[in-house]
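**Q** 3D, please:
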Amino acid sequence: MHKPLAQYLDRPVTTPRAATPSTSSSPSPVTSAPATAPAPGSPGRFGSLGPVGLVLAGGISVQFGAALAVTLMPRAGALGVVTLRLLVAAIVLLVVCRPRLRGHSRADWGTVVVFGVAMAGMNGLFYQAAARIPLGPAVTLEVLGPLALSVLASRSAINFVWAALALAGVFLLGGGSFDSLDPVGVGFALSAGVMWAAYIVFSARTGRRFPQADGLALAMAVGALLFLPLGIVESGSKLVVPTTFALGAGVALLSSVLPYTLELLALRRLPASTFAVLMSLEPALAATAGFLILGQDLTALQAMAIVLVIAASMGAVRTQVARSKAPLPEAHP
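**A** Numbers count the residues shown, from 1 in each chain. Okay, the predicted model is just below:
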């Protein structure tokens, strides 16, 4: 899932899809960049396509993981799939990051708990949407949450143009109304977008309060604990069926662990602004995954709607980048 996050362009990206690197003692490949690493935005050893390719690979992994999750839902239900994804991802991140539990204030723990709740809500609501409407429209509607947050956080009038463009895309997505899409699924997708926006805010706060990826690992554990009872109630013993658990582990690896690693490696050599623009392509990647794996076709209007929302997201990010790079007025004596 992804992220057109204007407010992240001047700080490390610490979303669940792009956490800060783990501590240097971690055996994970997502350790801090060495002192000799190229500066962000420089071509680096693999050329300009290297980090961009990593980001795109991460986005493809996420959306194909979501498609795999949809195929798993008849076995374990939407809540069961979310439980397996969060649980396996939490175990992997806790083992890799080995977060320190002592020395944190009550405010630190409150922040990471809210971050975990937002993460769990975002995933749960999105999978409920994906069970009812195609992946492309689901991700397109969900991405409106971060886009709205970006527009509201900015004081630039041009961002309201991008918001209007996105709303036009949403109008087209429903063909003038949402009769063509399950309204319950639409509601879940929009709610997931609201949770995504909240999750972005608390991801940034968690990143400032916890070193490296410790906060992410702890928040993932909170989300897994919250969803475990729901998954047990809905799916019960189905969760421990070897085939179901293995598929759930595959969803966790494709949708969480692998993208985190690829995007963290990319962010060593890629500006966060470019990263955010690439994240805006997720609706198109989701539509592609839905078509290839689930046979979900899009109408011409729905395809145009996705293009409009992608353009709005890219425009909002680019506007914020231009504002952040504008020279400050000189002080006069």
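
**Q** what's around Ser235, how many residues?
**A** By other C-beta atoms under 10 Å, the residues close to Ser235 number 21. All C-beta spots, glycine's among them, are computed from the backbone N, C-alpha and C.

**Q** residue contacts, it?
**A** Applying C-beta atoms under 8 Å, 6 or more residues apart in numbering to Ser235 gives the contacts Ala76, Gly77, Leu79, Gly80, Thr83.

**Q** quick check, pLDDT for it.
**A** If you check Ser235, the pLDDT there is 86.

**Q** ok so, going back, name the member of the contacts of Ser235 with the most neighbours.
**A** Thr83 (28 neighbours).

**Q** how about that residue, what does it touch?
**A** Ala224, Phe227, Leu228, Leu230, Gly231, Ile232, Ser235, Leu239, Gly248.

**Q** roughly how far apart are the closest residue to it other than its chain neighbours and Leu281?
**A** Using C-beta to C-beta, 6 or more residues apart in numbering and skipping the chain neighbours, the partner closest in space to Thr83 is Gly231 (2.8 Å). Distance of Gly231 to Leu281, computed by C-beta to C-beta, to the nearest Å: 31 Å.

**Q** among the two, which residue is more densely surrounded?
**A** More neighbours surround Gly231 than the other of Gly231 and Leu281, with 26 against 20 (other C-beta under 10 Å).

**Q** contacting residues around that one?
**A** Ala76, Gly77, Leu79, Gly80, Val82, Thr83, Leu84, Leu239.

**Q** among these, which ones are in strands?
**A** If you go by DSSP state E, the contacts of Gly231 have nothing in strands.

**Q** any chance of CSV for those residues, columns pLDDT and distance to Val52?
**A** Below are the contacts of Gly231 laid out as CSV (pLDDT from 0 to 100; distance: C-beta to C-beta, whole Å):
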residue, pLDDT, distance to Val52
Ala76, 87, 35
Gly77, 88, 37
Leu79, 90, 36
Gly80, 90, 35
Val82, 90, 30
Thr83, 91, 34
Leu84, 91, 31
Leu239, 87, 37
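
**Q** between the residues you listed, which sits nearest Leu190?
**A** Val82 (17.8 Å; C-beta to C-beta).

**Q** residues near that closest one, how many?
**A** Counted with other C-beta under 10 Å, Val82 comes out at 31.

**Q** one more: Gly290?
**A** Neighbours of Gly290 (other C-beta under 10 Å): 26.

**Q** my read: it touches Gln296, true?
**A** Yes - between Gly290 and Gln296 there is a contact under C-beta atoms under 8 Å: 3.8 Å.

**Q** and for these two, which residues touch both?
**A** In contact with both Gly290 and Gln296: Pro134, Leu135, Gly136, using C-beta under 8 Å, 6+ apart.

**Q** which one of the residues you listed is nearest to Leu72?
**A** Leu135 (13.8 Å).

**Q** what pLDDT does that closest one get?
**A** 80.

**Q** ok, now how distant is it from Phe160?
**A** 29 Å.

**Q** who has more neighbours, these two?
**A** Leu135 (27 against 13).

**Q** what's the nearest residue to that one once chain neighbours are set aside in contact with, if anything?
**A** Take Leu135 and drop its neighbours on the chain: the residue closest to it by C-beta to C-beta, 6+ apart is Gly290, 3.6 Å away. Residues near Gly290 by C-beta under 8 Å, 6+ apart: Ala67, Pro134, Leu135, Gly136, Gln296.

**Q** closest one of those to Gly121?
**A** Closest to Gly121, out of all of those and judged by C-beta to C-beta, is Leu135, at 19.1 Å.

**Q** in which helix or strand would I find Leu94?
**A** helix 49-97 (DSSP states H and E).

**Q** for Pro146, that is, sorry about that
**A** Using DSSP H and E, Pro146 falls in helix 144-153.

**Q** and the helices in the protein?
**A** Per DSSP state H, the chain carries helices over the ranges 49-97, 106-130, 135-142, 144-153, 158-173, 183-209, 214-235, 242-252, 258-267, 272-279, 282-294, 300-325.

**Q** so Ile232 sits against Leu239, correct?
**A** Yes - using C-beta under 8 Å, Ile232 makes contact with Leu239 at a distance of 7.0 Å.

**Q** the two: which is more packed in?
**A** Leu239 (21 against 15).

**Q** I'd like the distance between the more buried one and Leu149.
**A** Per C-beta to C-beta, Leu239 is found 34 Å from Leu149.

**Q** and if you look at Thr243?
**A** Note on Thr243: its distance to Leu149, by C-beta to C-beta, is 39 Å.

**Q** just Leu281 next, same as before
**A** 19 Å.

**Q** got the phi and psi for Pro99?
**A** Dihedral angles of Pro99 (phi, psi; degrees, to the nearest 10) stand at phi -60, psi 150.

**Q** which residues touch it?
**A** Phe210, Ala213, Asp214, Gly215, Ala217, Leu218.

**Q** would you mind giving those residues as TSV with pLDDT and distance to Thr71 added?
**A** Converted to TSV, those look like this (pLDDT from 0 to 100; distance: C-beta to C-beta, whole Å):
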residue	pLDDT	distance to Thr71
Phe210	86	35
Ala213	79	29
Asp214	86	33
Gly215	86	32
Ala217	88	28
Leu218	92	30
